[in-house]
Structure formats: structure tokens, C-alpha cells
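>>> below are the sequence and a predicted model for it; my questions follow.
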Amino acid sequence: MINSAMRWLGGGKLASALAVLGLTACMQAGAACMNLDSLVPKKLAGAAGTGQFVPAVYQPEAGAALLPVIDEDEGPSIVGLWQFRMTGFAPDWGTQAWHSDGTELMFSGAQDPQTGDVCQGAWRKVGPSTYTLNHIAMGWIAPGAGFGVRVHFHAIVHLDATGNSFTGTYTAGVYSVSPANPFDESVKVAGGTGTVMAKRVKPD
């Protein structure tokens, strides 16, 4: 009998036999084999136990657990065009674009275009509706006087619930640089802090 069974299984029916055995075990154990609640952590089961799928990552070092990867802040994004105003150390105003690739572009209305009124930065989200901006402005000392100024801003801004305005704070350092080494921040000549506020520019 055993030899006959082995020959039957060896004849390409091993998978079928294992499936039958597995189904039998499930039936003997009641409906537990199909009880997804016993297999999926409740925090992965979706809102109100709907069973909807959510992003998760397998972490063997965390006890072979599935840990959710969820952006709990599903509100509006800071991406878009803004009218901004800065107060404090570097008073300024103008337009600012936050791009979806994590870059930012600013046109300063308070700066002379002859010395430099365009600057750029890179941003990332650091919390619910909260963003950090690493922003660099470079320009001439005075019209016709040649290149020699680098201003480095670090800002933290918070987007309001409507997604149409943000406020925040910044720190800034002003550095004396040269065309030979325009990114050198070893010679700091001034610095300070301030606030920033902005309103979203919407299409007509």
C-alpha cells in the first residue's frame, strides 16, 4: 500500500495530494484557516476593519512582523505657487514655487535684479503638514561690484488645514565668497532669524 501510494505521488500527483491534505486540515480546524483577522494585525486591516489593503514592510528583526507604512497626513500638499513675505533678519517678499521633485524656486521682489533676485532650495516633509527647506541665495555685493555673497537659509514651515497658506521660521547666514570658491561658508559676516508667511496662488 505504501509503495503504491508513493508511486501514485511520484506520478505527478504530489501537489494535488498536498492540497487535499491541506484542505482536510483546514476543515478539521473549523474556519480558522480562512480567518484573516487571525493572520493580519488589526492596524493593517484598514479603517473600521474593512479589510482594505495598506502598504506594509516585512521586518524580520521586529519579530517577523508586518509593519504598516502609512502617511497619516493625507491632507493638501505644499506643492504649488505661493506669494510669500519674510520678516526679521532678511525682510523680503515675492513668489515662490515648491515643486513635486523636492526642489524650490524663489523670485525676490525686494532684491535688486542687478545683484541677484532668484534663489533656489530643496525641501522635504518632516511631519504632518510640516516641511523643512534648505535654501541658497547667491549674488553680487553691489551692482557692478562683482560676485561675492552667499546667503544660506534653513526654514521650517507648517501648512494650514486648508492648504492655502503656510507660516514658519527661518535662520539665515550671510557669507563672503569669491568666484574661485563660491560655495565656501567659512567666512560668515552676518546672520539672524525671522518668520515667513505665504498664500497659495490659484489658477483663475
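Done, it's in.

>>> residue ranges with poor pLDDT in the protein?
Counting by pLDDT under 70, the ranges of the chain that qualify are 1-74.

>>> same thing but at 50, please
For the chain, the stretches flagged by pLDDT under 50 are 1-49, 62, 69-71.

>>> just the strands in it please.
Taking DSSP state E, the strands of the chain run over residues 56-59, 65-68, 80-88, 92-98, 103-108, 118-127, 130-140, 147-159, 165-176, 188-200.

>>> flag every buried residue along the fifth one.
Spelled out, it's strand 103-108. For strand 103-108, a neighbour-count test (16 or more other Cβ atoms under 10 Å) marks 104, 106, 108 as buried. For every residue, glycine as well, the C-beta is placed using N, CA and C.

>>> residues contacting the first one?
It refers to residue 104. Listed by Cβ atoms under 8 Å, 6 or more residues apart in numbering, the contact set of residue 104 reads 96-98, 120-123, 133, 135.

>>> run a quick neighbour tally on residue 110.
Residues contacting residue 110 under the criterion other Cβ atoms under 10 Å number 12.

>>> list the beta-bridge partners for the nearest residue to it once chain neighbours are set aside.
Nearest residue to residue 110, sequence neighbours excluded (Cβ to Cβ, 6 or more residues apart in numbering): residue 92, at 4.5 Å. Beta-bridge pairing for residue 92 (DSSP bridges): residue 86.

>>> so residue 92 makes contact with residue 117?
No. At 9.6 Å, residue 92 does not count as touching residue 117 under the criterion of Cβ atoms under 8 Å.

>>> residues shared between the contacts of those two?
Applying Cβ under 8 Å, 6+ apart, one finds that residue 92 and residue 117 are jointly contacted by 108-109, 111.

>>> out of those, which is nearest to residue 203?
Closest to residue 203 out of the shared contacts of residue 92 and residue 117 is residue 109 (21.0 Å), distances taken as Cβ to Cβ.

>>> which ones are touching that closest one?
92-95, 117.

>>> how about a markdown table for those, with neighbour count added?
Formatted as a markdown table, the contacts of residue 109 follow (neighbours: other Cβ atoms under 10 Å):
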| residue | neighbour count |
| --- | --- |
| 92 | 19 |
| 93 | 15 |
| 94 | 18 |
| 95 | 15 |
| 117 | 17 |
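
>>> looking at those, which is nearest residue 185?
Distances from residue 185 to these, taken by Cβ to Cβ, are shortest for residue 92, at 20.3 Å.

>>> quick one: residues contacting the closest one.
If a contact means Cβ under 8 Å, 6+ apart, then residue 92 has 84-86, 108-111 as its contacts.

>>> tell me the contacts of the residue lying closest to residue 142 once chain neighbours are set aside?
Leaving aside its sequence neighbours, residue 142 sits nearest to residue 115 (Cβ to Cβ, 6+ apart; 6.4 Å). Applying Cβ under 8 Å, 6+ apart, we find residue 115 in contact with 139-143, 149.

>>> of those residues, closest to residue 179?
residue 140 (10.6 Å).

>>> isn't that closest one right next to residue 147, touching?
Yes. The pair residue 140 / residue 147 is scored as a contact, 5.3 Å apart, by Cβ under 8 Å.
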